[in-house]
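>>> Prediction below, plus the sequence it came from.
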There are 6 protein chains.
Amino acid sequence: MAESVDLVKTGITGLDAMLYGGIPRENQVILAGGPGAGKTLLAFEFLYRNAKMGNTGIFFALEEDPKKIVHNAKSAFPKFDDIDDLIRDEKLIINGRDISEGILDKFGESNYEFGRIVTDMERLITSKNATRAVLDSSSALELIVKDPTIFRRSMWSLVANFRRLGVTSFLTSEIHSPDRSKLSFRPEHFIFDGMMVMYQSGEDIKRIRALEVIKMRGYKHSFVTAPYDVTAGGFKVLSAEGAMKD
Amino acid sequence: MAESVDLVKTGITGLDAMLYGGIPRENQVILAGGPGAGKTLLAFEFLYRNAKMGNTGIFFALEEDPKKIVHNAKSAFPKFDDIDDLIRDEKLIINGRDISEGILDKFGESNYEFGRIVTDMERLITSKNATRAVLDSSSALELIVKDPTIFRRSMWSLVANFRRLGVTSFLTSEIHSPDRSKLSFRPEHFIFDGMMVMYQSGEDIKRIRALEVIKMRGYKHSFVTAPYDVTAGGFKVLSAEGAMKD
Amino acid sequence: MAESVDLVKTGITGLDAMLYGGIPRENQVILAGGPGAGKTLLAFEFLYRNAKMGNTGIFFALEEDPKKIVHNAKSAFPKFDDIDDLIRDEKLIINGRDISEGILDKFGESNYEFGRIVTDMERLITSKNATRAVLDSSSALELIVKDPTIFRRSMWSLVANFRRLGVTSFLTSEIHSPDRSKLSFRPEHFIFDGMMVMYQSGEDIKRIRALEVIKMRGYKHSFVTAPYDVTAGGFKVLSAEGAMKD
Amino acid sequence: MAESVDLVKTGITGLDAMLYGGIPRENQVILAGGPGAGKTLLAFEFLYRNAKMGNTGIFFALEEDPKKIVHNAKSAFPKFDDIDDLIRDEKLIINGRDISEGILDKFGESNYEFGRIVTDMERLITSKNATRAVLDSSSALELIVKDPTIFRRSMWSLVANFRRLGVTSFLTSEIHSPDRSKLSFRPEHFIFDGMMVMYQSGEDIKRIRALEVIKMRGYKHSFVTAPYDVTAGGFKVLSAEGAMKD
Amino acid sequence: MAESVDLVKTGITGLDAMLYGGIPRENQVILAGGPGAGKTLLAFEFLYRNAKMGNTGIFFALEEDPKKIVHNAKSAFPKFDDIDDLIRDEKLIINGRDISEGILDKFGESNYEFGRIVTDMERLITSKNATRAVLDSSSALELIVKDPTIFRRSMWSLVANFRRLGVTSFLTSEIHSPDRSKLSFRPEHFIFDGMMVMYQSGEDIKRIRALEVIKMRGYKHSFVTAPYDVTAGGFKVLSAEGAMKD
Amino acid sequence: MAESVDLVKTGITGLDAMLYGGIPRENQVILAGGPGAGKTLLAFEFLYRNAKMGNTGIFFALEEDPKKIVHNAKSAFPKFDDIDDLIRDEKLIINGRDISEGILDKFGESNYEFGRIVTDMERLITSKNATRAVLDSSSALELIVKDPTIFRRSMWSLVANFRRLGVTSFLTSEIHSPDRSKLSFRPEHFIFDGMMVMYQSGEDIKRIRALEVIKMRGYKHSFVTAPYDVTAGGFKVLSAEGAMKD
């Protein structure tokens, strides 16, 4: 018997249409892009939209001060006027991981450190009954685990733990060229269940921002690269699928 | 006297036509592609189709939970409604190799570990009388054997063991660019009897998915890159050869 | 409730229009470009314009003699006839960091050295009540901290310290190709709140100089690459946004 | 006085015409190509055709089981119905070098090992009065000698030994891109007397297989890249020179 | 008050027009190009022209015999018939630095050696009251200082010393591609006050030689890439600016 | 007073016209090309033509047996029927350097070895009163001196010694792409007085062989890339300059 797919809506305009409804539950998704692509904001909106639907989500801010994350989200999305309410009600939790220790102690074996971070995350997810998460960003984790093989293994166990906890998540990840024609994959991209890339392409004077779903295990997705815009009311992904529905 | 070639059908629509009937028995074939190309699903369908023909196959899941593999296959192929039956009847065996130990112990010499894994696989193949196998993926094996020369030698002996056991197999393998024009070969690609690549090409807004047979020792194959689609009833490879036959 | 964004004007013709008013207060911005792009001059003009508005700024000259910086600025901008006054009034402070020690002692651990430099900067910023700063250039810092992971962590703590001190800053940074089509990102580019790039592009006989805002956390910005000119009266950025306003 | 060139026919349709008659006696020729180009088959046909002319040849199978080599050749060339006869008459000798020891013992100095392999080859060549040889492939030798300088030196002495023994040979070699426009040379390519490359080029949907003679010391050769086909009766190289002759 | 820029004429036809009069006094300028671009000759002509104006200049020949430098200059520029007079009058000094020791002693720390060379140069500049200098070439210095960080620091102190001595100089530097479209910058390019590049471009059968001023601190310069020719009477740079003036 | 340039004719049809008469005496010239370009043959013809003019030349065969060099030259140039006479008269000396020792002893410091080879060469040049030389090839020297800095220094002293001995020479050198558009320079290319490159270019089905003079210190040269052919009577370089003269 064919199984029905249990989908998690992102709540982002146009994106769920690209995903034919959403992300399969418990999928862990890479969200890759260059600086300025808007990875952090899109991941934030995913949690915000889900919080409003009643799904508790945790934003693990590994690189920036949680206050700055909230401040930037408010600036980018002035129409999201209930962010503070959702935070107060603990539907939206902005958690600042202080990973400085693991990073500073460069001579030690930070393998242990990574395990401890994952354990702390797990405890928070469990105690808050969270089912959505964002890790921002994978680069911060790379600073802790320098050996590429150990890093990949660590990502692997992180993905396994999040699945076990029933969490659907985004991990933001850096790419080194803003152009779609220069996309290249890194080993950790193969570990995750899904991968979406945000490009800032353009030979011309103006860069076009566009989003592509590269992979989504367990379900279908659009193969079109869709332009997107960041508006006061959130992301707008201009997918053909969305156009047909709206 | 010329020998007749003993061919193993993949059972995948259009692909056997590209292969002029199938894969020479006991050939070990690399199945390469980027994330989202569908390597795991195509390899799964190969085992599924063969299980239905009565040929026992084992899926060695080195990176993912066997349950997830089955779940994803069911989601992608809702028309394959006899997966559970085939698993129950042990025509289709999903084996989750726990290779964590070899990976975690980064200071030790994991050469031994690799040998042990191959030995375990061999034992399972023999005890189940399996003649088909899938290894998903080569990257997991790379995590165990970090020295590239030792890795190549290990792949070599794996290929030799599988041949000796009379098994016809697919090994999924990662490539770092989604585009056909950027294909480059790695040393292990030369060890295998066959090589197929799944591309997600396209300068344009929409990526085209297409499959190419690069090599198939001991038999002829199509030299055309054929578009493919993943449908509820399995892969459809739109080969010119298939078009002529169907 | 949506928060209002507190913006710091750069005072540079056309650039504030590209930034829809300015740089969010306490943002730390990378200013990248090849040799001859004018990074040092643009960063200088930012401090000069702000000094005239009454905002104290410090130029940390890590590579060149402070006198040379001032001399070059006067040569490039003959109409800035009050540079000396602003320096005398300590609204514009040109500080020459002697980082030779950290660099010369190549066998020692210069981690400590970097911390000391940041501490000295912090002391000067505090004692002068400065709210604007320029670091020229990141390459000088790279000479002190050779390990790339430690370098990234150091940049991270520098950014955190500057934010804590309420400073809005530019850090000049080198890129290895003059062309926009060859732009690639380095890990430290992701740490900063903003990134602007100055190109000298051109397949043709004449290179075009143009500026692009790649990222500006917490606020919107133009996505157009705007040509710029260096005139006796300062930079002129020919942004579409500026054209509409002026 | 000008010397006449003593040529060794390859016996392959179209190829001897490209070589204006054949390969100068005692030339050692690199046969490079990607996976699936047909290097092993072309080298096999060279020995097969020469064996039929009465010239004893030895195929040193460094990567594959000799039985598989013979089996694949029979499958590819069903019209070669006297392969077994030639093998029985020892005009065609398929020798499987077991180079596992040298490869497995990764800590030892395998320099000695390489010398021993060459010595063994030499002994076989002498005892069988062989004048033709194939080494398949150079990659296997690279596995034994990991230091690139030592590898080059080893290739050098191998070439010198084969010349001294009066042998004309092909050494198959891997290239990392299937395209002619991406051809690049490796140091060992300069050591050999000749070099031929088999491409699988094509921006288009269908790859074209074509062969180019890059170098042939001591004699002239075609500068045209000629398409080739693998037929039941052997390779067909569609050279302009061949077309004129046939 | 705006400062007037004190310019040093190069005396080379067309080049001063490109520089709007010359090079700012005490600027240290990189002169980069491939082999055969004419770097050494252009740098020589700069000293020759300045010697005739009464400005003493020293050519530090780090790679070639001073006699060869003079001989080649005479061959290239047969109309420069007063080279010997200028050398005799010590307006033009060709100094051959024997840097062999620093290079030969590869196990020692050649840091000290570099410092000694700079000290020797400084002594000669002071004793001869020289205000112009050429270092030919940076590659010779790289041979002494192999660590890239130490090399950059050494270049930095060299530039600082030359400035302190009131010298305006050219340092010749190698680039690895003859084409303008492949220009890439190295860290030391950012240390110098100016940078000029000599290209030998051309997809076509004939290479075009052309010169571009990439950077000139403290003053304006042309942004056009100007063709040049080497004639019996010296370099001719065909700048648009020169065309307008002449 | 302008000096007259003392030119050494190469004697090769069309090449002297490209060089406006020849190579400046005592220039050391790099002759670069891919495998099969004909470097060794062109260098041989240079010595052959000079021997016939009465100038003694020595061919230092570092990679191949001297007999093979002579044999190949005779095969390529059947019209050169006096090679043996010139060898017997010691106008043309083919010297096989056995550099195996330096190469085999990989643990030792082969610096000494290189010096010994140069000393041996010097002794032979002096005793035979040779004024022309060929070194075939630089790669053999690279095998002896593995450290790139030491290699460059060694090349430097070799060039200096040859100049001191009054020798005009060619050194053959390998390039890694056959195409002119991919030419890139290596540090040793800057040490030599001249550089010529032999290309085998062509996007099309047929490679075109062409020669370009990149650099020739002390004299002018053509900037055109000229096609060449290897005929029974020697090389024919189809230079525009040659066309005008003939």
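Sure, I can see it.

>>> Please report phi then psi for the closest residue to chain D within chain A.
Nearest residue of chain A to chain D (C-beta to the nearest C-beta) works out as A:Ser181 at 14.7 Å. No exception for glycine: its C-beta is placed from N, CA and C like everyone else's. Main-chain dihedrals, A:Ser181, degrees, to the nearest 10: phi -70, psi -10.

>>> cool, and A:Lys91?
Residue torsions, per degrees, to the nearest 10, at A:Lys91 are phi -90, psi -30.

>>> Which strand or helix spans the nearest residue to it once chain neighbours are set aside?
Nearest residue to A:Lys91 in three dimensions, chain neighbours excluded: A:Ala51, at 3.9 Å (C-beta to C-beta, 6 or more residues apart in numbering or on different chains). Element membership for A:Ala51 (DSSP states H and E) is helix A:39-52.

>>> mean confidence for that helix?
Mean pLDDT, helix A:39-52: 98.

>>> Looks like A:Thr131 contacts A:Met53 (just checking).
No. Checked against C-beta atoms under 8 Å, the pair A:Thr131 and A:Met53 is beyond contact range at 10.6 Å.

>>> how about the residues of chain A that lie near chain C?
Neighbours of chain C within chain A, by C-beta under 8 Å from any C-beta of the partner chain: A:34-36, A:63, A:65, A:68, A:71-72, A:74-81, A:84, A:103-104, A:106, A:137, A:139, A:143, A:146, A:174-178, A:200, A:203, A:205-207, A:209, A:230, A:232.

>>> Narrow the residues you listed to those that are buried.
The neighbour count (16 or more other C-beta atoms under 10 Å in any protein chain shown) marks A:34-36, A:63, A:68, A:71-72, A:74-77, A:80, A:103, A:137, A:139, A:143, A:174-175, A:177-178, A:200, A:207, A:209, A:230 as buried among the residues of chain A next to chain C.

>>> mind listing which of the residues you listed are in strands?
A:174, A:200, A:209, A:230 (DSSP state E).

>>> Distance to F:Asp89 and pLDDT added to these, as JSON lines?
JSON lines is the format used below for those (distance: C-beta to C-beta, whole Å; pLDDT from 0 to 100):
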{"residue": "A:Glu174", "distance to F:Asp89": "71", "pLDDT": "90"}
{"residue": "A:Gln200", "distance to F:Asp89": "72", "pLDDT": "86"}
{"residue": "A:Arg209", "distance to F:Asp89": "77", "pLDDT": "91"}
{"residue": "A:Val230", "distance to F:Asp89": "84", "pLDDT": "94"}
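
>>> between those residues, which is nearest E:Leu124?
Among those, A:Glu174 lies closest to E:Leu124 (C-beta to C-beta), at 50.7 Å.

>>> Distance-wise, check the residue of chain A closest to chain D relative to D:Asp136.
38 Å (C-beta to C-beta, to the nearest Å).

>>> For burial, what's the neighbour tally of the residue of chain A closest to chain D?
Neighbours of A:Ser181 under the rule other C-beta atoms under 10 Å in any protein chain shown: 13.

>>> what do you get for the one 5 residues further on?
As a burial measure, the neighbour count of A:Arg186 was computed by other C-beta under 10 Å and equals 20.

>>> List the residues that contact it.
With contact set as C-beta atoms under 8 Å, 6 or more residues apart in numbering or on different chains, A:Arg186 has these partners: B:His176.

>>> and if you look at the one 4 residues further on?
If you count contacts by C-beta under 8 Å, 6+ apart, A:Phe190 has them with B:35, B:63, B:137, B:139, B:174.

>>> Between A:Thr131 and A:Met53, which has more neighbouring residues?
A:Thr131 (20 against 13).

>>> distance of the residue nearest to the more buried one when sequence neighbours are not counted from B:Lys68?
Nearest non-adjacent residue to A:Thr131, counting by C-beta to C-beta, 6+ apart: A:Asn55, 5.3 Å away. Going from A:Asn55 to B:Lys68 by C-beta to C-beta gives 22 Å.

>>> ok so, going back, return the subset of the contacts of A:Phe190 lying in helices.
Residues of the contacts of A:Phe190 located in helices (DSSP state H): B:Ser139.

>>> Among the contacts of A:Phe190, which pair sits farthest apart?
Greatest spacing in these, by C-beta to C-beta: B:Pro35 and B:Glu63 (11.9 Å).
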